[in-house]
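> Any chance you could fold what I've pasted below:
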Amino acid sequence: MPGGRLTQQERQQIALGLADGLAYAEIARRLDRPTSTITREVMRNGGPTAYRADLAHRATERRAHRRKQAAPQDPTAPSQLHGRDAAAVQEYEETFTTVLMQTGTPKMMSRVMACLMISDTGSLTASELVQRLQVSPASISKAVAFLESQGLVRRERDERRRERYVIDDDVWYQSMIASARGTAHLAETARQGVGVLGPDTPAAVRLENVARFLDFVTESITRAADQAREVLHAKR
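The predicted structure is shown next:
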């Protein structure tokens, strides 16, 4: 049924749909499922080219088993902060991770990013990330280094001198500006090629067109990001 877990038969239909080149939305329509469910299922289990129904089903069963083992057994245990549904929060975190992966962000980096995004403090220590994501400290270190290089997280020390990884409220502005800088650098490099290859050659004309296009994109992204930031900050 549309809100329950995917069955093994449904996963087989997903695999067949992918093999036929169907879009996620079409597969979802045929199964009477939300498109986000199909997208998350595929991206969580190898992506469209590596998805295997039997492997995906076993992986899901293993994840469900781990969640059951990790769940508090004491009925008097405190409820989720702010009265949240723990299962719904975990499901949303997985959805957020999947969407980040679709943008090209590697899986572990996406998991760390999603974990930071949904934390109320917007910051976690390495040990907290290790505990929440059940991965090695080395994996966290590598993921944070990547996110830091992209301007998505920063490091700071708390009162106990522990290193914390922080995601700021304007993280997307910072990310967009960093992307614009990279695009501007690419435009500059393309324009340098015009002089090397000769201004009237086909290759030089191509590079000049690329540079002009990227100049326009860079300016548009920067202007839009600045305007959005001003509007959002003005509403606070």
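> what ranges do the strands span in the protein?
123-125, 154-157, 163-166 (DSSP state E).
> mean pLDDT lowest for which of those strands?
Of all the strands of the chain, mean pLDDT reaches its minimum on strand 154-157 (a mean of 88).
> Tell me which other helices or strands that one touches.
Judged by 3 or more CB pairs under 8 Å, 6 or more residues apart in numbering; DSSP states H and E, strand 154-157 is in contact with helix 137-149, strand 163-166. The C-beta positions use only the backbone N, C-alpha and C, and glycine is treated the same way.
> Now the residue nearest in space to the middle of the chain: closest residue in space, sequence neighbours ignored.
By CA atoms, centre = their mean, the chain has its centre lying nearest to Leu100, at 1.7 Å. Closest residue to Leu100 apart from its sequence neighbours, by CB to CB, 6 or more residues apart in numbering: Ser110 at 3.8 Å.
> Settle this for me: that neighbour is touching Thr97, isn't it.
Yes: the pair Ser110 / Thr97 is scored as a contact, 4.7 Å apart, by CB atoms under 8 Å.
> Contact partners for Ala25?
For Ala25, the contact set (CB atoms under 8 Å, 6 or more residues apart in numbering) comprises Thr35.
> Would you mind measuring from it to Phe96?
For Ala25, the distance to Phe96 (CB to CB, to the nearest Å) stands at 20 Å.
> Kindly list the main-chain dihedrals of the residue of the chain most remote from its centre?
Distance from the centre of the chain peaks at Asp200, with 42.7 Å (CA atoms, centre = their mean). Per-residue torsions, Asp200: phi -100, psi 10 (degrees, to the nearest 10).
> if we can go back for a sec, nearest to Thr121, out of the helices and strands packed on strand 154-157?
Ranking the helices and strands packed on strand 154-157 by proximity to Thr121 (CB to CB) places strand 163-166 first, at 8.7 Å.
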